[in-house]
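**Student:** Kindly return the folded structure for what I paste below:
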Amino acid sequence: MRRFVLGLFAAIGILTVVGVVGAGIAVWRLAGSRPSLPGVIVLRADLSRGLAAGRGPDALSRLVFGGQLTLRDLLDALDRAGADPRVKGIYIRLGDDALGLASVQEVRDAIRDFRAKGKFAIAFADSFGEFGPGTRPYYLATAFDEIWLQPLGSVGLIGLHSQTPFLRGALDRLGVVPSFAHREEYKTATNIFTKTAMTPPQREQLDDLLNSAEGQIVSGIAAGRRLPQPRVAALIDRGPLLADEAKAAGLVDTIGYRDQAVARARQRAGSGAKLVALARYLREAGRPHDSGPKIALIYGTGLITAGDDDLSPLAGSAQLSARTLARAFEEAARDPAVRAIVFRIDSPGGSAVASETIWREVVRARARGKPVIVSMGNVAGSGGYYIAAPADKIVAEPATLTGSIGVLAGKFVIAGLLQKLGITDDGAARGANAAMFSAFADFSPAARERLETFLDATYRGFKERVAAGRHLTAAQVEAVAKGRVWSGEEAKAKGLVDALGGYDTAFRLAEEAAKIGAGKPFTLVVFPHRKSPMELIYNRLRDRDSDAVGAAPQGVAAGVAGLLTDIAPLLRDHGVLQMPAIGAFR
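**Tutor:** Residues are numbered from 1 along each chain as shown. Below you'll find the predicted structure:
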C-alpha cells in the first residue's frame, strides 16, 4: 500500500510536468508546422560536440533537456538533402575530438556521397584541437571541398595515441587484491588492475590496431587533400601545425573567421540563400526511407545488461538492455510487413548471460524468416560481437573495433584494506562455495576450480556461437579468438566481417536479403515501439514494471556510465564478455 501511495504521488508530479511540457510541445509543433523552408538552402550543423550513437531522446526529453544530434539524424538529412534541389550545400563546424574513428569514417562517406550529387561542403574549425589532439576531426574535415581555420587556430594532426593507467601498485598499497581470470591472453580488460605494465600480447594487439588506424587515416587525408601519403605522414610527425603552416602545407584552404566562412557558404549557394539548421531541415523536409516495403532498425548501443533500460520518459540510458532488445526483435519478427532487420551495434560487451539472451532473439528472428544484417559502429567487441555472430551479414567500418572473442571474471578482495582501516568482519555460510563471490576473502581452491570451469564453458560456448554463425571451423575461430581485438579492416580479412561500410552498406544488403531490389524505396521503422510518457506512468501505477523502482536515480547514473564501462561490469557481474581496455585513439 505504501508503495502504491508513493507511486501515486510520484505519478501526480510526473503528470503535472508532462502536462506543462505537453503544452510546450503543442506550441512548438504549431510553430514549426508552417512551411518555412526557404527556396535556397545551406544546411548547417555543429559536430564539435559529437553525435549520439543510438536512436536519441524522445520529443519530451529533447524539449526539456535539449537533444544531441544523432548519427542517423545527420545521415538522414544528407540523404534527403542530396536529392533536394533547394539545398546547395552544407556548412559544418568541427574542432573538438568528439567522434569515434568509425563514426568519422561513416560521416566522411556521407559527405562524399552528398558532394557527388553536385553539392558543396564547407568545414570550419576554430582549431582542430586546442592544445589537444585533433587528428580525428581533421581527418573528417578532409572529406569537405573547403576547409576553413580561424587565424589563431591550429591543426592538431599529431597521429594516434592510446595510454593505459595500471593500478596494481596502488591496489597493493591499499591492501586490495584483484582476483581475476580470463580466456585468453588478449583478453586484457582487467590488466589495469592485475599488472603494472602491458603484457606482450596486449602491446602486440595495440600496435596492430594503431597501425591499421594510422594507415586508414593517412590514406584518407592524402586522397582528400591530393597529397602523397609520405607527405601526409611527414606532416603528422611535424604536428601540431599553426594556421599559416597548415595552409602552406596544403592542409587548409582558407584562414578566416566563422562569419567569413558562413558568408562564403551563402555566396556559393547563390542569391537569397539561407542557413537552415540540420535538425529543422530534417523535421520539415522529412526523413528518407518513408515508403515501400518495411525494414526494421534495432539499436544495440551501450554496455550489455540483463535489466530493462526503459525506465523513464526523461532519463536516457547508456546501457544495452537484453529485455529491451528481446522485445525489439520479438516485435519486428512478429510484424508481417517487416522484410528484414538491420541491427546496429555499438557496444564494448558486458554480461555473458544477457549477450546469450540477445543472441537467441537474433536466431529466432532469422528462423521466422527475417534476415538480420548487423551494422557495427565504433565498437562491437566481446559481447558486442557475440550478439552479432548469428546475423546473415555483418558490416563494419574499417576502423571499427570488434572481435575480442573471450571472457573474464573475478572480484576485488578488500580484506587487506579493511584490516588497514581497523575494520573486522564476521559471517556464516551454508554451502562450500556460498561465499565465493564475497569481497572479504579470495577464492578457495574449490571455488577457483568452479570459476575456471565457468570460464572454460563460457569461452567454449562463445566460440561455438561464432563458428556456427560465421560458418568457420573450430580451428579457424580459435585462430582469431583468444580475446583479441581486431579493426574492421582486419576482421574482414579474418572472416569475422562480411563487408566494410556503414548504414548504407547494411541497408543495401538488407534490400538484397529482403528481395526488395537495389535502389527501390523502403520504409525504415525503429523497433521497439517507444512507450509514451502516459504508458510508462500507467505501467508504474499498475506495478507491471516492478523492477523499475528507483528509476530516476538509475537514469541519472546511466548518464555517466561511459566513465565506468571498464570497471562497472567487473563489479556487478561475475562473468562478463567485456572489451579489453584499448582506450580511445587520439
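
**Student:** What pLDDT does the model give residue 52?
**Tutor:** Here the pLDDT value assigned to residue 52 is 89.

**Student:** typo on my end, it should be residue 371
**Tutor:** pLDDT, read off for residue 371, is 98.

**Student:** give the contact list for the residue lying closest to it once chain neighbours are set aside.
**Tutor:** Nearest residue to residue 371, sequence neighbours excluded (Cβ to Cβ, 6 or more residues apart in numbering): residue 513, at 3.5 Å. No exception for glycine: its C-beta is placed from N, CA and C like everyone else's. Applying Cβ atoms under 8 Å, 6 or more residues apart in numbering to residue 513 gives the contacts 340, 371, 373, 392, 393.

**Student:** which ones among those are found in strands?
**Tutor:** Residues of the contacts of residue 513 located in strands (DSSP state E): 340, 373, 393.

**Student:** List the beta-bridge partners for the last one.
**Tutor:** Beta bridges link residue 393 to residue 373 when assigned by DSSP bridges.

**Student:** Neighbour count and distance to residue 204 for the ones in strands among the contacts of residue 513 - can I get that in TSV?
**Tutor:** Below are those laid out as TSV (neighbours: other Cβ atoms under 10 Å; distance: Cβ to Cβ, whole Å):
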residue	neighbour count	distance to residue 204
340	27	38
373	27	32
393	20	30
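
**Student:** Could you pull up the contacting residues of the closest residue to residue 40 other than its chain neighbours?
**Tutor:** What sits nearest to residue 40 in space, not counting adjacent residues and going by Cβ to Cβ, 6+ apart, is residue 273, at 4.3 Å. The neighbourhood of residue 273, defined by Cβ under 8 Å, 6+ apart, consists of 38, 40, 41, 42, 88, 265, 266.

**Student:** wait, isn't the last one in contact with residue 44?
**Tutor:** No. The criterion here is Cβ atoms under 8 Å, and residue 266 misses it with residue 44 at 10.8 Å.

**Student:** Could you name every residue contacting both of these two?
**Tutor:** Joint contacts of residue 266 and residue 44 (Cβ under 8 Å, 6+ apart) are residue 275.

**Student:** Closest one of the contacts of residue 513 to residue 188?
**Tutor:** residue 393 (29.3 Å; Cβ to Cβ).

**Student:** thought the closest one was touching residue 500?
**Tutor:** No. Distance between residue 393 and residue 500: 11.9 Å, which falls outside the contact criterion (Cβ under 8 Å).

**Student:** Looks to me like residue 296 is in a helix.
**Tutor:** No. Using DSSP: H, G, I helix; E, B strand; the rest coil, the assignment for residue 296 is strand, not a helix.

**Student:** and it, bridged to which residues?
**Tutor:** residue 341, residue 525.

**Student:** quick one: buried residues of whichever strand or helix holds residue 359?
**Tutor:** Using DSSP states H and E, residue 359 sits within helix 352-367. For helix 352-367, burial by neighbour count (16 or more other Cβ atoms under 10 Å) applies to 352-359, 361-363, 365-366.

**Student:** Just the C-alpha atoms of that helix, please, in PDB.
**Tutor:** C-alpha atoms of helix 352-367 as PDB (Å, rounded to 0.1, in the frame of the first residue of the first chain):
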ATOM      1  CA  ALA A 352      27.500 -13.000 -20.800                       C
ATOM      2  CA  VAL A 353      24.100 -14.200 -19.800                       C
ATOM      3  CA  ALA A 354      22.500 -11.000 -21.300                       C
ATOM      4  CA  SER A 355      24.500 -11.500 -24.500                       C
ATOM      5  CA  GLU A 356      23.200 -15.000 -24.800                       C
ATOM      6  CA  THR A 357      19.600 -13.800 -24.400                       C
ATOM      7  CA  ILE A 358      20.100 -11.300 -27.300                       C
ATOM      8  CA  TRP A 359      21.900 -13.900 -29.400                       C
ATOM      9  CA  ARG A 360      18.900 -16.200 -29.000                       C
ATOM     10  CA  GLU A 361      16.500 -13.500 -30.200                       C
ATOM     11  CA  VAL A 362      18.600 -12.800 -33.300                       C
ATOM     12  CA  VAL A 363      18.500 -16.600 -34.100                       C
ATOM     13  CA  ARG A 364      14.700 -16.700 -33.500                       C
ATOM     14  CA  ALA A 365      14.100 -13.700 -35.800                       C
ATOM     15  CA  ARG A 366      16.000 -15.400 -38.600                       C
ATOM     16  CA  ALA A 367      14.100 -18.600 -38.000                       C
END
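
**Student:** which residues are in contact with that helix?
**Tutor:** 300, 304-306, 320-322, 325-326, 329-330, 332-333, 341, 343, 349, 372, 383, 386-387, 389-392, 407, 458, 461-462, 465, 573, 575-577.

**Student:** Among these, name the buried ones.
**Tutor:** 300, 304-306, 320-322, 325-326, 329-330, 332-333, 341, 343, 349, 372, 383, 386-387, 389-392, 407, 458, 462, 465, 573, 575-577.

**Student:** These in helices, which ones?
**Tutor:** Residues from the buried ones among the contacts of helix 352-367 lying in helices, with DSSP state H as the criterion: 322, 325, 326, 329, 330, 332, 333, 383, 386, 458, 462, 465.

**Student:** For the residue positioned nearest the centre of the chain, list the residues it contacts.
**Tutor:** By Cα atoms, centre = their mean, the mean C-alpha position of the chain lies nearest to residue 346, the distance being 3.6 Å. Residue 346 is in contact with 53, 54, 300, 301, 302, 376, 377, 378, 379, 380, 384, counting by Cβ under 8 Å, 6+ apart.
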